[in-house]
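>>> Give me the fold of what follows.
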Amino acid sequence: MTRRGEANDPKPERLPLDPRGEFPAEEPDLVPEEDLEEEGRGDAETAALVPLRERPLPSAIDPLARYIQEVRKFPPLDPEEERELARRYRETGDPELAKRLITANLRLVVKLALMYRRALRSVMDLIQEGNIGLLEALKRYDPDLGVRFSTYASWWIKAYILKYLLDNARLVRVGTTNARRKLLYNLRREQRKLESQGIAPTTKLLAARFGVSEEDVEDVDRALSAQDVSVDVPVGEDQRTRLGDLLPAEGPSAFDQVAAAEVKERIDAALEEFRAGLGERDRALLDRRLAADEPATLQQLGEEFGVTREAMRQAEVKLKRRLATFLRDRFGEEVRLHFLQ
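From the prediction side, this is the model:
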C-alpha cells in the first residue's frame, strides 16, 4: 500500500487531529464508531474485547482469538514508566525500548480495530493497519507534550484503519481525492446539521461549505446512498447469466461503427476526387494544412510557393468554399468536416 508524505510534527498545545494530512478528526459517515475510553487497558478489558465463550471456533484455529491471547502476554505500562521509556527511546533510538512501548499498546490497536468490525469482514486486516499506525505514532511521539503515548497513538491507529477502510471497504473507490475524502467524513453530518437549523442542504450550499465542486458533492452523495454490486453476480432463474452480460457496452454500438465506417469511406473517396482537380498550391493547402493532423503554417507554405502569407490565407479561404460546395452537392447538408467550420 502506498503511503503519503509525512505531516508536520504536532504542537504541544494541540493533538494531531489529522495526523496523516488526509482527513479530519471525525470518522466517515460510512463507518460508525463507538466512544473511545482513554485509559484503563488492563487484562480484564482485553479479555472483554472478544468474548471467547461466544465465538464458535476455538482459539487454536481462530486467528483473532489466538492473536488476542498472544497480546495479553504483554503487560501494560503505567504513565511514569511509559513516559520514561519514550524519553529514552527518543534520545537513543534503542529498538528494545521501542519494542516494549509497541507491545504494551497492541491491545489498544485491537480495541480500536474492533470498533470498526462491522465495516469489514476481516478484523485482522484492520489490526494490521492499526499496528502500522502505532509504529508511526512512536516515530513521531514527543514525551514532553504532556500527553500519554497511548492517547497520542490512538489518533494514528485510527487514521491508518480509516484510510484502509476508505480504500478497501467498497468495491468502487470513492475517496480518491482529498476533497472527496473530506466529504466522505462529513457530508451526512453536515446535511443533518443544516436540516436541524431549517436550512435545505442543497448541493450548491454543501459545495460552498466544504470548498469543493458540486460534482464532487453529487458523486459522494450518490455513493453513500447506493450499494456496491459486483458485475459478476448471477441473475435470472438459471443463475447462468452475469449482471455484467446485461450492461450496455461503452462507446458506439456495432451499427453506429459500421455506419461511421461507411460514411468515412464515401467522404475519403469524394475528397480524392476533389483533390484530383486541384492545382499544386491548392493540393498543398488541402494535404498539409486543411486535412493534416499537424498543419503547416501559412508562412511556411507561402515561402515554398514564393507568395506572401496573406496570399496563402486568401487561397485557403477560397479552397474551403469550393470544398464545402463540392461536398454539399455530393452529400447534402448532413456532412460537415471539422476543418470547414
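
>>> And for the closest residue to residue 311 other than its chain neighbours, the neighbour number?
The shortest distance from residue 311 to any non-neighbouring residue, by C-beta to C-beta, 6 or more residues apart in numbering, is to residue 302 (6.5 Å). All C-beta spots, glycine's among them, are computed from the backbone N, C-alpha and C. A total of 18 residues lie near residue 302 under the criterion other C-beta atoms under 10 Å.

>>> Check residue 194 too.
A count of nearby residues for residue 194, using other C-beta under 10 Å, gives 16.

>>> per-residue pLDDT, it?
On the pLDDT scale, residue 194 is placed at 86.

>>> Going by secondary structure, residue 159 is in what exactly?
According to DSSP states H and E, residue 159 maps onto helix 149-168.

>>> repeat for residue 81
Under the criterion of DSSP H and E, residue 81 resides in helix 79-92.

>>> Please name every helix or strand in contact with that helix.
For helix 79-92, the packing partners by 3 or more C-beta pairs under 8 Å, 6 or more residues apart in numbering; DSSP states H and E come out as helix 95-103, helix 149-168.

>>> Could you point out which of these sits nearest residue 118?
Smallest distance to residue 118 across the helices and strands packed on helix 79-92 (C-beta to C-beta): 10.8 Å, for helix 149-168.

>>> pretty sure residue 67 is in contact with residue 127, am I right?
Yes: counting by C-beta atoms under 8 Å, residue 67 touches residue 127, with 7.0 Å between them.

>>> Need the residues touching each of those two.
residue 110 (C-beta atoms under 8 Å, 6 or more residues apart in numbering).

>>> quick one, which of those two is more surrounded?
Comparing residue 67 with residue 127 by other C-beta under 10 Å, the one with more neighbours is residue 127, at 22 against 17.

>>> how about the helices in the stretch 1-150 of the chain?
43-49, 63-71, 79-92, 95-103, 106-114, 123-140, 149-168 (DSSP state H, counting those that start in this stretch).

>>> Make JSON lines from these and add distance to residue 308 and mean pLDDT to it.
What follows is these, written out as JSON lines (distance: least, C-beta to C-beta, whole Å; pLDDT from 0 to 100):
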{"stretch": "helix 43-49", "distance to residue 308": "86", "mean pLDDT": "45"}
{"stretch": "helix 63-71", "distance to residue 308": "82", "mean pLDDT": "89"}
{"stretch": "helix 79-92", "distance to residue 308": "77", "mean pLDDT": "92"}
{"stretch": "helix 95-103", "distance to residue 308": "78", "mean pLDDT": "94"}
{"stretch": "helix 106-114", "distance to residue 308": "77", "mean pLDDT": "93"}
{"stretch": "helix 123-140", "distance to residue 308": "69", "mean pLDDT": "93"}
{"stretch": "helix 149-168", "distance to residue 308": "62", "mean pLDDT": "86"}
